[in-house]
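Trainee: Fold the following and give me the result.
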Amino acid sequence: MINPRARPCEEQTIRSVRGSVDCAARARRWVLVATILASAIAYVDESVVNVALPAITKDLAASVAVTQWVINAYTLCLAAFLLTGGAAGDHLGRRRVFIAGLAVFGLASVWCAFAPSINQLIVARAIQGIGAALLVPCSLAIIGAVFPEAERGRAIGTWAGFSAIAAAIGPLLGGSIVDHFTWRGIFLVNPFPAMLAVWIAWRHLPESYDPEAPPGIDWFGSLLAFAALGSIAFGLIALPDSGARDVSVVATLAIGIILLLAFVWHEGRARSPMMPLALFRSRTFSGINALTLLLYGALGGAFFLLPFDLIQVHGYSATLAGTVFLPFTIIVGALSRWSGGLLDRVGARLPLVVGPALAAAGFALLALAGPATPYWLGFLAPMAVVGFGMALAVAPLTTTVINAVPAHQTGVASGINNAVASVASLLAIAIFLAIALGNFNRALDRSLESSALSSRARETIELAHGQFAAGSSRTNRPDEDLAKADVIIKQALADAIRLSMLLAASLALAGAACAAFTIRSSDRPSDRPSDRPSDRPSEAR
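Mentor: Purely as a prediction, here's the structure:
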């Protein structure tokens, strides 16, 4: 029976085989456009906010620990609810959930732009994260459902490539907006592509489901994940100021770990788990998620601290701080489609070993940048190396995750992998900042003990303790004491960030080793578990 709400393309699909082929090709093009727009705004938002953090910290008079939640609130909700977003798409309809996520994300972006306080900004960012948790896994699941297996690798590579190209504009545009207008303007960019993606999805995207999706959605599991990750992140953020022996820190971390174990226990017994533990019986699926945790942890921690290095230590503008991400995103965008096809030719293992190893080399080069190092050599060149590494890894990684599970579980699988990436970023930001802030504070303490400083210089250094910021503007004043204090503060910042970049290099290198030991050289799309022909785009049920 023809759906009375079917559009001409759908009627043509029903009438003739030739029409079906033409319509399917047209639908695939619209799928790529809509999913690229949606994923781009989600990824751009993360990188743009990183560049704007120093300005937000200053404008809203917040400490670096509180401002950190502008990032963490987003990644926490994204990580906790990504699994639910993937399951909701499989159960309720991927197009429907995709549109809902876009609407939530766009409205929350407007709230972020007009938030009068740091607390409201954090809440709005959390809601943004929920919207992203709905649209991101559904983007990949829609691609997986619409494109046949033979075309899926290149389709995902195209999606990753164009998303990265769009993301390349983000930091540069965001930095320019911060420099010439206000940080609030970066959030007003999102609603326009979100509305366009909603229109395209509503008009042109086919609906798809998991025909054997469980009857319910695991909301309790989502809340357990949210509480567990939130507790762990809160404890890690409080660690530098309160110390490892502080009762509240120990209790918060312990509660988070207990809740995390409870989450795993619940998922093993739930009737409709959002994270089916049986998927992890696959060595490839487990290995690829371990690689994701390490590689995206390195990326999240390094990219969070890099703008502080550029702006606070080296004195670059927010525009130049945003420009430094261009080599990374342009290279990832330009090569992702090629690397998606590379998987079909050489398998998953080689690109997933070489890619993270190259990224590790790039992070190590970032650690070498000193005060006299030219901008292009100290930052642009290393970011290009990181970009080459990620370009090799991103599309094969994503495709391998989807190909490691049966087609009817692509939504859940992509949700798990995206959740792992978000968890990696969330925990890495907290851990990296805790380590960096601890080293920064200890360096300042040593300078107070060993240096012959005036009382004004000592006061300046003491005020910087725990703030992770350098008062660079004071160096322009004709006061040698304050200038000396600023030099000490900047050196402490530089050393702390340098250690963080080396930590990122270690994590990326560990990811390469993980891929070498867990992913078979023969892994190709043809090795995918048996498909179910019923998992195909369909009209509304």
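
Trainee: What are the buried residues along stretch 53-60?
Mentor: Neighbour counts over stretch 53-60 (16 or more other C-beta atoms under 10 Å) mark 53-57, 60 as buried. The way it works is simple: take the backbone N, C-alpha and C, and place the C-beta from them, glycine included.

Trainee: Count the residues that sit near residue 204.
Mentor: By other C-beta atoms under 10 Å, the residues close to residue 204 number 17.

Trainee: Please read the previous query as pertaining to residue 220.
Mentor: By the criterion of other C-beta under 10 Å, residue 220 has 12 neighbours.

Trainee: now do residue 400
Mentor: A count of nearby residues for residue 400, using other C-beta under 10 Å, gives 29.

Trainee: pretty sure it contacts residue 349?
Mentor: No. Here residue 400 does not reach residue 349: they are 9.5 Å apart, not a contact under C-beta atoms under 8 Å.

Trainee: Show me which of the buried residues of stretch 53-60 is closest to residue 517.
Mentor: Residue 517 lies nearest to residue 53 out of the buried residues of stretch 53-60, by C-beta to C-beta, at 36.5 Å.

Trainee: Kindly provide the distance from that closest one to residue 90.
Mentor: When distance is defined by C-beta to C-beta, to the nearest Å, residue 53 is 35 Å away from residue 90.

Trainee: again with residue 42
Mentor: Computed as C-beta to C-beta, the residue 42 to residue 90 distance reads 19 Å.

Trainee: Which pLDDT value goes with residue 128?
Mentor: pLDDT, the model's per-residue confidence, is 91 for residue 128.

Trainee: which residues touch it?
Mentor: Contacts for residue 128 were tallied using C-beta atoms under 8 Å, 6 or more residues apart in numbering; they are 45, 74, 77, 104-105, 108-109, 112.

Trainee: Out of those, give me the two with the largest separation.
Mentor: 77 and 109 (14.2 Å).

Trainee: what's the next secondary structure element after whichever strand or helix holds residue 330?
Mentor: For residue 330, the element it lies in under DSSP states H and E is helix 326-346. Going down the chain from helix 326-346, the next helix or strand is helix 349-367, by DSSP H and E.

Trainee: could you give me the average pLDDT of the helix or strand following that next one?
Mentor: Proceeding N to C from helix 349-367, the next assigned helix or strand is helix 375, under DSSP H and E. In this model, helix 375 has an average pLDDT of 85.

Trainee: can you give me the angle the following helix or strand past helix 375 makes with helix 349-367?
Mentor: Beyond helix 375 in the direction of the C-terminus, DSSP H and E gives the next helix or strand as helix 381-403. Orientation check (axes from the mean of the first three to the mean of the last three C-alpha atoms, to 10 degrees): helix 381-403 against helix 349-367 gives 150 degrees.

Trainee: Buried ones in helix 381-403, by neighbour count?
Mentor: In helix 381-403, counting by 16+ other C-beta under 10 Å, buried: 381-403.

Trainee: now swap in stretch 432-449 and tell me
Mentor: The neighbour-count check on stretch 432-449 (16+ other C-beta under 10 Å) flags 432-441, 443-444, 447 as buried.

Trainee: Next: stretch 181-192.
Mentor: Buried, per 16+ other C-beta under 10 Å, within stretch 181-192: 183-191.

Trainee: Just the ones of these in helices?
Mentor: residue 191 (DSSP state H).

Trainee: Kindly reformat the buried residues of stretch 181-192 as CSV and extend each row with distance to residue 501 and pLDDT.
Mentor: Shown next, in CSV, are those (distance: C-beta to C-beta, whole Å; pLDDT from 0 to 100):
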residue, distance to residue 501, pLDDT
183, 25, 82
184, 30, 86
185, 30, 83
186, 25, 83
187, 29, 86
188, 32, 85
189, 29, 81
190, 30, 83
191, 35, 86
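
Trainee: Of the buried residues of stretch 181-192, which is the nearest to residue 271?
Mentor: residue 190 (36.8 Å).

Trainee: Give the closest residue to the closest one in space, chain neighbours not counted.
Mentor: Using C-beta to C-beta, 6 or more residues apart in numbering and skipping the chain neighbours, the partner closest in space to residue 190 is residue 109 (3.8 Å).

Trainee: Just the buried positions in the helix or strand hosting the one you found, please.
Mentor: Under the criterion of DSSP H and E, residue 109 resides in helix 94-114. Judged by neighbour count using 16+ other C-beta under 10 Å, the buried positions of helix 94-114 are 94-109, 111-113.

Trainee: Mind giving me the packing neighbours of that helix?
Mentor: Helices and strands touching helix 94-114, by 3 or more C-beta pairs under 8 Å, 6 or more residues apart in numbering; DSSP states H and E, are helix 17-59, helix 64-92, helix 118-146, helix 191-204.

Trainee: So for residue 317, which of the ones you listed sits nearest?
Mentor: Proximity to residue 317 (C-beta to C-beta) singles out helix 17-59 among those, at 10.2 Å.

Trainee: tell me the angle of that closest one relative to helix 191-204?
Mentor: Going by the same axes, to 10 degrees, helix 17-59 makes 160 degrees with helix 191-204.

Trainee: Where do the domain boundaries of this protein fall?
Mentor: 19-218+270-527, 219-269 (automatic domain parsing).

Trainee: and these, which one's lowest on average pLDDT?
Mentor: Going by mean pLDDT, the lowest-scoring of the domains of the chain is domain 19-218+270-527, which has a mean of 79.

Trainee: Go ahead and measure how far that one is from the middle of the chain.
Mentor: Mean C-alpha position of domain 19-218+270-527 versus that of the full chain (C-alpha atoms, centre = their mean, to the nearest Å) differs by 3 Å.

Trainee: since we're on residue 375, how many residues are nearby?
Mentor: Residue 375 is flanked by 15 other residues according to other C-beta under 10 Å.

Trainee: Okay, it and residue 202: tell me how far apart.
Mentor: Taking C-beta to C-beta, one finds residue 375 at 45 Å from residue 202.

Trainee: Same check on residue 260?
Mentor: Distance of residue 260 to residue 202, computed by C-beta to C-beta: 38 Å.

Trainee: for residue 110, same thing?
Mentor: 20 Å.

Trainee: From residue 329, how far out is the residue at minimal distance from the centre of the chain?
Mentor: The centroid of the chain falls nearest to residue 422 when counting by C-alpha atoms, centre = their mean (5.4 Å). Residue 422 is 19 Å from residue 329, where distance means C-beta to C-beta.

Trainee: list the buried ones in stretch 306-321?
Mentor: Using 16+ other C-beta under 10 Å as the test for burial, stretch 306-321 gives 306-314, 316, 318-321.

Trainee: Dump it to PDB, restricted to CA.
Mentor: Provided in PDB are the C-alpha atoms of stretch 306-321 (Å, rounded to 0.1, in the frame of the first residue of the first chain):
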ATOM      1  CA  LEU A 306      46.700  24.600  23.200                       C
ATOM      2  CA  PRO A 307      44.700  27.900  23.100                       C
ATOM      3  CA  PHE A 308      46.000  28.700  26.600                       C
ATOM      4  CA  ASP A 309      49.500  28.200  25.300                       C
ATOM      5  CA  LEU A 310      49.000  30.300  22.200                       C
ATOM      6  CA  ILE A 311      47.100  33.200  23.900                       C
ATOM      7  CA  GLN A 312      48.500  33.300  27.500                       C
ATOM      8  CA  VAL A 313      52.100  32.200  26.900                       C
ATOM      9  CA  HIS A 314      52.900  33.400  23.400                       C
ATOM     10  CA  GLY A 315      50.500  36.400  23.300                       C
ATOM     11  CA  TYR A 316      48.800  35.500  20.000                       C
ATOM     12  CA  SER A 317      45.300  36.800  19.300                       C
ATOM     13  CA  ALA A 318      42.300  34.500  19.400                       C
ATOM     14  CA  THR A 319      42.200  34.700  15.500                       C
ATOM     15  CA  LEU A 320      45.700  33.300  15.300                       C
ATOM     16  CA  ALA A 321      44.900  30.700  18.000                       C
END
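
Trainee: residues in contact with it?
Mentor: In contact with stretch 306-321 (C-beta under 8 Å, 6+ apart) are residues 50-55, 171-172, 174-176, 178-179, 324, 366, 369, 371, 375, 379, 468-470, 472, 490, 493-494, 497.

Trainee: Of the residues you listed, grab the buried ones for PyMOL.
Mentor: Here is the PyMOL selection string for the buried members of those, based on 16+ other C-beta under 10 Å:
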select buried, resi 50+51+52+53+54+55+171+172+174+175+176+178+179+324+366+369+379+468+469+470+490+493+494+497
